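Chemist: sharing a model that was predicted from the sequence below.
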Amino acid sequence: MSCAARFASSDASVNCGIIIAARMPSRITTIRISIRVKAALFIDDTPDKLGSKIEGIVVTNISNFKQEFGEREHIIYLSICLPGFSVYNRCQEIRSQYKLEIVPFTDFFYEKKANSVLPFLFWGKAPVSDIQTGNYDFLRNSLADKRSIDVLDSFLKIKHKGLKYPDVIDSRTKLDFLTKSFTKEIHYVDCGAYDGDTVEDFLTLVNRQFGKITIIEPDPTNASKIHKRIEGYLSSERKKIDIFEVAIAGQEMIKKFRADSSMASAIDENGEIEVECCHLGRFLDSEKDTYIKLDIEGYELEAIIGVQDLLKRNKPKLAISVYHRPEDLIEIFKAILNSGANYSYYLRTHAYNGADTMLYCI
């Protein structure tokens with residue numbers, strides 16, 4: 001389901017709305033500081049949320065939204081957090097059922113007064129300076145294979161224009177460039193393991209031959225799912241797996257955490273629980289045959305900067321999510337370059353909506 005916030009445009013006769021992922025209400029309200037707001041409400045089609053409030057704003061549903069404005073002109077700006085096929089399908093559903101005008105959320109996001117809101121969204125502005133264009137050109141020239149270049153071009157199309165991804169999706173379990181670099185003693189460090197699905201992908205990737213697995217997942221519900229999943233593993237495998245219910249960050253400290261039992265659980269100053277944040281280096285020893293996956297909801301750059309000396313010294317293999325923040329792809333790439341480690345770079349995406357785009361460093 002989706003939720004929306006309605007804002008009046010500069011033309012008082014047009015009523016505007018923004019539909020966005022239901023688990024992001026605290027981020028949506030930050031829009032109010034960037035644009036002129038006449039009134040605001042959240043729309044969520046989940047029945048038990050009707051009439052409730054989010055940060056003081058009443059929640060309604062799309063039917064009531066439509067009924068309130070009748071046949072007057074109104075526009076819905078659509079985003080379901082992850083652009084791509086889900087956005088286009090939802091556009092068609094709303095147009096057909098409610099006869100509302102739907103436009104991509106990117107059209108709103110690019111407005112001058114709103115270009116700093118919702119930094120965790122996938123979208124970003126197209127390069128407008130020689131420096132920005134040069135950064136992408138340098139990255140393109142640094143990629144190790146044509147597939148990576150195709151993924152980059154597709155990534156930029158959906159990121160900057162909201163266009164659908166073409167067929168450049170790769171399975172996490174079929175990455176030959178990665179597996180040929182592994183030994184049977186590979187140490188896999190999964191940061192942001194959700195319910196253990198990426199651990200399963202790794203085991204398939206290496207045909208269940210590994211030296212050690214370190215799983216890091218701070219969401220208590222997700223961590224319990226991982227424990228249950230691992231109960232079904234062979235005893236010889238379980239003995240080589242450690243699970244830590246902590247978060248990865250640039251500093252060792254306690255932070256608020258939003259634990260919503262989903263793959264989007266993350267460090268959040270408005271979170272309902274506190275978690276221990278640890279430096280990535282705590283979980284790495286001196287062995288060089290290490291493979292680190294970082295998918296930590298926007299804190300990847302901070303984590304990488306914190307271990308730049310380790311990257312140069314041990315050159316662990318890396319798989320880093322580069323889609324949580326608009327600037328992540330370039331900034332994370334630059335941080336790894338600045339470490340002085342001599343990597344080969346591959347770019348792959350593992351979802352049909354532009355999400356799960358990973359920078360692999362081998």
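Modeler: In hand now; what should we look at?
Chemist: contacts, neighbours, all on C-alpha from now
Modeler: Will do.
Chemist: report pLDDT for the nearest residue to Val206 once chain neighbours are set aside.
Modeler: Taking CA to CA, 6 or more residues apart in numbering, and ignoring the residues beside it in sequence, Val206 has Thr179 as its nearest neighbour in space, at 6.8 Å. At Thr179, the model reports a pLDDT of 95.
Chemist: what of Asp11?
Modeler: For Asp11, the pLDDT comes out at 41.
Chemist: next one: the one 10 residues further on
Modeler: For Ala21, the model assigns a pLDDT of 42.
Chemist: quick one, helices of the stretch 151-300 of the chain?
Modeler: Counting by DSSP state H, counting those that start in this stretch, the stretch 151-300 of the chain has helices at residues 176-179, 197-205, 220-230, 235-238, 300-305.
Chemist: any idea how far Gly306 lies from Gln251?
Modeler: The gap separating Gly306 from Gln251 is 8 Å, by CA to CA, to the nearest Å.
Chemist: related to what we said a few turns ago, deepest of the helices of the stretch 151-300 of the chain, which one?
Modeler: Comparing the helices of the stretch 151-300 of the chain by mean neighbour count (mean count of other CA atoms under 10 Å), helix 300-305 ranks first with a mean of 21.
Chemist: average pLDDT for it?
Modeler: Taken as a whole, helix 300-305 has a mean pLDDT of 95.
Chemist: can you check stretch 200-216 too?
Modeler: For stretch 200-216, the mean pLDDT works out to 97.
Chemist: and stretch 302-317, end to end?
Modeler: With CA to CA as the measure, the ends of stretch 302-317 fall 18 Å from one another.
Chemist: quick one: buried residues of that stretch?
Modeler: By 16 or more other CA atoms under 10 Å, the buried positions in stretch 302-317 come out as 302-312, 314-317.
Chemist: how about stretch 170-183?
Modeler: For stretch 170-183, burial by neighbour count (16+ other CA under 10 Å) applies to 170, 172-173, 178, 182.
Chemist: go on, stretch 259-277?
Modeler: Counting neighbours by 16+ other CA under 10 Å, one finds that the buried residues in stretch 259-277 are 259-260, 263-267, 271, 274-277.
Chemist: so, low pLDDT: which residues of the stretch 151-300 of the chain?
Modeler: Along the stretch 151-300 of the chain, the model assigns pLDDT under 70 to residues 159-166, 287.
Chemist: quick one, domains of this protein?
Modeler: Structural domains of the chain, as assigned by automatic domain parsing, span the residue ranges 2-114, 132-361.
Chemist: show me the strands in the stretch 101-250 of the chain, by range?
Modeler: 101-104, 187-191, 212-216, 241-244, 247-248 (DSSP state E, counting those that start in this stretch).
Chemist: let's have those in a markdown table, adding distance to Leu337 and mean neighbour count.
Modeler: A markdown table is the format used below for the strands of the stretch 101-250 of the chain (distance: least, CA to CA, whole Å; neighbours: other CA atoms under 10 Å):
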| stretch | distance to Leu337 | mean neighbour count |
| --- | --- | --- |
| strand 101-104 | 35 | 18 |
| strand 187-191 | 21 | 24 |
| strand 212-216 | 25 | 22 |
| strand 241-244 | 29 | 14 |
| strand 247-248 | 21 | 26 |
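Chemist: now distance to Ile62 too, for those, in a markdown table please.
Modeler: What follows is these, written out as a markdown table (distance: least, CA to CA, whole Å):
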| stretch | distance to Ile62 |
| --- | --- |
| strand 101-104 | 13 |
| strand 187-191 | 38 |
| strand 212-216 | 39 |
| strand 241-244 | 42 |
| strand 247-248 | 37 |
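Chemist: list the contacts of Phe202.
Modeler: When contacts are counted by CA atoms under 8 Å, 6 or more residues apart in numbering, Phe202 touches 172-173, 208.
Chemist: how near is it to Ile215?
Modeler: Applying CA to CA, one obtains 12 Å for the distance of Phe202 from Ile215.
Chemist: repeat for Tyr233
Modeler: Per CA to CA, Tyr233 is found 15 Å from Ile215.
Chemist: if we can go back for a sec, just give me the closest of the buried residues of stretch 259-277 to Ile158.
Modeler: Nearest to Ile158 among the buried residues of stretch 259-277, counting by CA to CA, is Ala264 at 20.5 Å.
Chemist: am I right that that closest one is in contact with Gly298?
Modeler: No - with the criterion set as CA atoms under 8 Å, Ala264 and Gly298 do not qualify as a contacting pair; they are 10.1 Å apart.
Chemist: report pLDDT for Ser146.
Modeler: Actually, residue 146 is Lys. It isn't Ser. According to the model, Lys146 carries a pLDDT of 97.
Chemist: got the helices of the stretch 151-300 of the chain as CSV, with distance to Arg147 columns?
Modeler: Listed next are these as CSV, based on distance: least, CA to CA, whole Å:
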stretch, distance to Arg147
helix 176-179, 11
helix 197-205, 19
helix 220-230, 32
helix 235-238, 34
helix 300-305, 23
